[in-house]
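Asks: 3D, please:
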Amino acid sequence: MPLHRPRRPARAGVHAALALALLGGLAWLAALLWPVAVPGDLPARLECVSYAPFRLPGESPLRRSAHISRARIGQDLALLARHFGCVRTYSVAQGLDRVPAIAARLGMQVLLGVWIGPDARANARQIARAIEVARSAPPGSIRAIVVGNEVLLRGDQPVRVLLADLRAVHAATGLPVTYADVWAVWLRHPQLAPAVNFITVHMLPYWDNEPVPVHAAVARVAALTARVRAAFPGKPVFIGETGWPSAGRARRDAVPSRVNEAAYLRGFVAWARAHHQRYNLIEAFDQPWKRALEGTVGGSWGIYDAQGRRKFPWHGPVQEDPGAWWALLPLLLGAALGARGAGASARAAGALSGAGAGVAAWALLRMARAAAWDATQWLYWALLGAGLLFAAWRLIAALGAWLRGEAPDRHRAHALARIAFATLFAMVYLDLLLVFDGRYRDWPLPAFLPIALGLGLVRAVAGHALRHDTRARMLAGAALLLGSVGVLQEAALNPYAWLWLACNALAAYAALGRVPGSSSSAPTSTASAPD
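Replies: Model (predicted):
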């Protein structure tokens, strides 16, 4: 096969681009491993924490048959009793009616939750059972009964029903009662205040309509708490939920991470202690079942992970992911596999590309472990991983052939065109979901960023489009438009939205231009030094 050697500057440009991309991946790994100095600490004794026991595979309160044993609840509460004097529950069904008796033996109190939803009969059963539990619980074990959690926020019941339920539970038990909802709902419905012994307000700065970065979150909570106090003078205000997620999609510049979770909790607890503010943290354990409702972020609010391990140190520096060293294994394996073949330039490019693909594969697995909750989800992430590895292999082969100066191969060009079109199609599909239903969706950057970089690089060095037809042009235009809309929706503050737009732009660039195989697309034969 005749050789059409690329010029030396072109080869150097390819190597430089691949090296920069790999350095970006290594910098990200270094950031995961780097101990971050987080101010403050968490004291050995904390006030109260939300407790739901549905943390192991297959466990979910959405399954009516789900039931948590007394032994499991005892193990969980024994762990929490080391640091918390109180737990808040949200229901008295599925074994949770046993919490007060078990907590009392451990010296803990309970904020007993009564779940109020759209089903009036189910609500009546919850209330009746909560009254039974309250009457039979050891004296002093139940601090208060929380009748309903964010019922008005969800629109499950009107205010008049909540008022009747609150009065009924208080009359039947004689215990303090309260209702829990976000601060904005309390301000819209002040008529609830006379029916409760104290205001239970949720302060979740990550979920605010105008989210704030973690360094401004405690100040935001302080300001909103003062606003609620001013609206209900003389009525105690209890922060019933506050916390920060450790994983999931960013909302503008409110970024979930373990470091940020540690920073928020340390800062909030210090503020609460200084201002004598009572509180309940959300939540004790990560809840994988919530990923089905709220995406990755929904299952990532725990102070402990789903296996009951503390997610971050309560004192001193915090590493985002101490296990990031494992990424070196796929990095080295990818470099070794990519470096196979003829030609020094091609081997160098293959090693760099393979190493980058290895880091991306590890990042994708890390993302899947935080996001998946069932077999279907794992299949989705496995397909993304398979697509990443297949596309990386074909792109490495194409770059290697170009660096060796091989003549254009129509079969390879068609294969790359199919990869480019499939990538663009998948990205536009995800763009539509992210723009129109993106509240709980992650950007799958590890799966698409390496492919988009590879396609853009092949497009640049080959001098022609990888796909050139009306469908590709329409998809390219849609990708650029939707990616830009996503950035605007995040007020141009979200770095992940910008990276996703870059992926869209690179894939669109690869799909536009001259037709493969045209006379102007063939590389120029030039004399150059051998590899």
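
Asks: Report the residue spans of the stretch 401-531 of the chain with pLDDT below the cut-off.
Replies: Counting by pLDDT under 70, the stretch 401-531 of the chain shows low-confidence ranges at 464, 513-531.

Asks: Which stretches in it count as helices?
Replies: Shown for the stretch 401-531 of the chain, the helices assigned by DSSP state H, counting those that start in this stretch span residues 410-436, 445-462, 470-489, 495-511.

Asks: Sort out which residues of the shortest one are buried, please.
Replies: Right, helix 495-511. Buried residues in helix 495-511, defined by neighbour count with 16 or more other C-beta atoms under 10 Å: 497, 500-511. C-beta coordinates here come from the backbone N, C-alpha and C atoms, glycine included.

Asks: With the first one instead?
Replies: Within helix 410-436, the residues that qualify as buried by neighbour count (16+ other C-beta under 10 Å) are 412-413, 416-417, 419-421, 423-428, 430-431, 434-435.

Asks: Other residues contacting stretch 149-157?
Replies: 90, 113, 115-118, 123, 148, 159, 162, 179-182, 185, 188-189, 202 (C-beta atoms under 8 Å, 6 or more residues apart in numbering).

Asks: from these, which ones fall inside strands?
Replies: 113, 148, 179, 180, 181, 182, 202 (DSSP state E).

Asks: Return the residues in contact with residue 254.
Replies: Contacts for residue 254 (C-beta under 8 Å, 6+ apart) come out as 205, 206, 211, 212, 213, 214, 217.

Asks: right, I mislabeled it, should have said residue 317
Replies: Contacts of residue 317 (C-beta under 8 Å, 6+ apart): 35, 36, 37, 38.

Asks: Report pLDDT for the last one.
Replies: Pointing back at residue 38 there. The model reports residue 38 with a pLDDT of 97.

Asks: Can you tell me the closest non-neighbouring residue to the residue nearest the centre of the chain?
Replies: For the chain, the residue nearest the mean C-alpha position is residue 248 (0.7 Å; C-alpha atoms, centre = their mean). Using C-beta to C-beta, 6 or more residues apart in numbering and skipping residues adjacent in sequence, the residue nearest residue 248 is residue 297, 2.7 Å away.

Asks: Would you double-check that the residue nearest to the centre of the chain falls in a helix?
Replies: No. Applying DSSP: H, G, I helix; E, B strand; the rest coil, one finds residue 248 to be coil, outside a helix.

Asks: In the stretch 1-150 of the chain, where is pLDDT below threshold?
Replies: Along the stretch 1-150 of the chain, segments meeting pLDDT under 70 span 1-9.

Asks: What segments of it are helices?
Replies: Counting by DSSP H, counting those that start in this stretch, the helices of the stretch 1-150 of the chain are 8-33, 70-80, 99-105, 120-136.

Asks: Can you say which of those helices is packed in most?
Replies: helix 99-105 (a mean of 21; mean count of other C-beta atoms under 10 Å).

Asks: which residues touch that helix?
Replies: Contacts for helix 99-105 (C-beta under 8 Å, 6+ apart): 51, 70, 73-74, 77, 81, 87, 89, 109-110, 112, 133-134, 137-138, 140-142.

Asks: could you dump the helices of the stretch 1-150 of the chain to JSON lines with distance to residue 301?
Replies: Formatted as JSON lines, these follow (distance: least, C-beta to C-beta, whole Å):
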{"stretch": "helix 8-33", "distance to residue 301": "20"}
{"stretch": "helix 70-80", "distance to residue 301": "15"}
{"stretch": "helix 99-105", "distance to residue 301": "19"}
{"stretch": "helix 120-136", "distance to residue 301": "23"}
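
Asks: Of all these, which one comes closest to residue 367?
Replies: helix 8-33 (12.4 Å; C-beta to C-beta).

Asks: Return the distance of the closest one from the chain's centre.
Replies: Centre-to-centre, helix 8-33 and its host chain are 26 Å apart (C-alpha atoms, centre = their mean, to the nearest Å).

Asks: Give me the angle between it and helix 445-462.
Replies: Between the axes of helix 8-33 and helix 445-462, defined by axes from the mean of the first three to the mean of the last three C-alpha atoms, to 10 degrees, the angle is 170 degrees.

Asks: and helix 8-33, what other elements does it pack with?
Replies: helix 344-371, helix 375-403, helix 445-462 (3 or more C-beta pairs under 8 Å, 6 or more residues apart in numbering; DSSP states H and E).

Asks: Pull out the buried positions in the shortest one.
Replies: Neighbour counts using 16+ other C-beta under 10 Å place 445-459, 461-462 of helix 445-462 among the buried residues.

Asks: Could you list every helix and strand that that helix packs against?
Replies: Packing partners of helix 445-462 (3+ C-beta pairs under 8 Å, 6+ apart): helix 8-33, helix 344-371, helix 375-403, helix 410-436, helix 495-511.

Asks: closest one to residue 60 among these?
Replies: helix 375-403 (13.6 Å).

Asks: packing partners for the closest one?
Replies: So helix 375-403, by 3+ C-beta pairs under 8 Å, 6+ apart, packs with helix 8-33, helix 344-371, helix 410-436, helix 445-462.

Asks: Throw together a PyMOL command that grabs the buried residues out of the contacts of residue 254.
Replies: A single PyMOL command selects the buried members of the contacts of residue 254 (16+ other C-beta under 10 Å):
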select buried, resi 205+206+211+212+213+214+217
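
Asks: from the contacts of residue 254, which single one is nearest residue 367?
Replies: residue 206 (18.8 Å).

Asks: Pretty sure residue 216 sits in a helix.
Replies: Yes. Assessed with three-state DSSP, residue 216 lies in a helix.

Asks: Excluding chain neighbours, what is closest to it?
Replies: residue 205 (7.9 Å).

Asks: One more: residue 193?
Replies: With C-beta to C-beta, 6+ apart, the residue lying closest to residue 193 is residue 232, at 5.2 Å.

Asks: ok, now how distant is that neighbour from residue 185?
Replies: Distance of residue 232 to residue 185, given as C-beta to C-beta, to the nearest Å: 13 Å.

Asks: hang on, the earlier thing: and for the residue nearest to residue 193, the neighbour number?
Replies: 19 (other C-beta atoms under 10 Å).

Asks: Before we move on, what's the pLDDT of it?
Replies: With respect to pLDDT, residue 232 has a value of 98.

Asks: if I pick it, what's in contact with it?
Replies: 186, 190, 193, 199.

Asks: OK, contacts around the first one?
Replies: Taking C-beta under 8 Å, 6+ apart, we find residue 186 in contact with 192, 199, 201, 228, 231, 232.

Asks: For those, give me JSON lines that also has distance to residue 45 and secondary structure.
Replies: Shown next, in JSON lines, are these (distance: C-beta to C-beta, whole Å; DSSP: H, G, I helix; E, B strand; the rest coil):
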{"residue": "192", "distance to residue 45": "31", "secondary structure": "helix"}
{"residue": "199", "distance to residue 45": "24", "secondary structure": "strand"}
{"residue": "201", "distance to residue 45": "23", "secondary structure": "strand"}
{"residue": "228", "distance to residue 45": "26", "secondary structure": "helix"}
{"residue": "231", "distance to residue 45": "31", "secondary structure": "helix"}
{"residue": "232", "distance to residue 45": "28", "secondary structure": "coil"}
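
Asks: which one of the residues you listed sits closest to residue 280?
Replies: Closest approach to residue 280 among the contacts of residue 186 (C-beta to C-beta): residue 201, at 10.6 Å.

Asks: Quickly list what that closest one is bridged to.
Replies: For residue 201, the beta-bridge partners are residue 181, residue 239 (DSSP bridges).

Asks: any idea how far it is from residue 180?
Replies: 8 Å.

Asks: Now the common contact residues for these two.
Replies: Residues touching both residue 201 and residue 180 (C-beta under 8 Å, 6+ apart): residue 240.

Asks: Can you say which of the helices and strands packed on helix 445-462 is nearest to residue 129?
Replies: Taking these one by one with C-beta to C-beta, helix 375-403 is closest: 33.4 Å.
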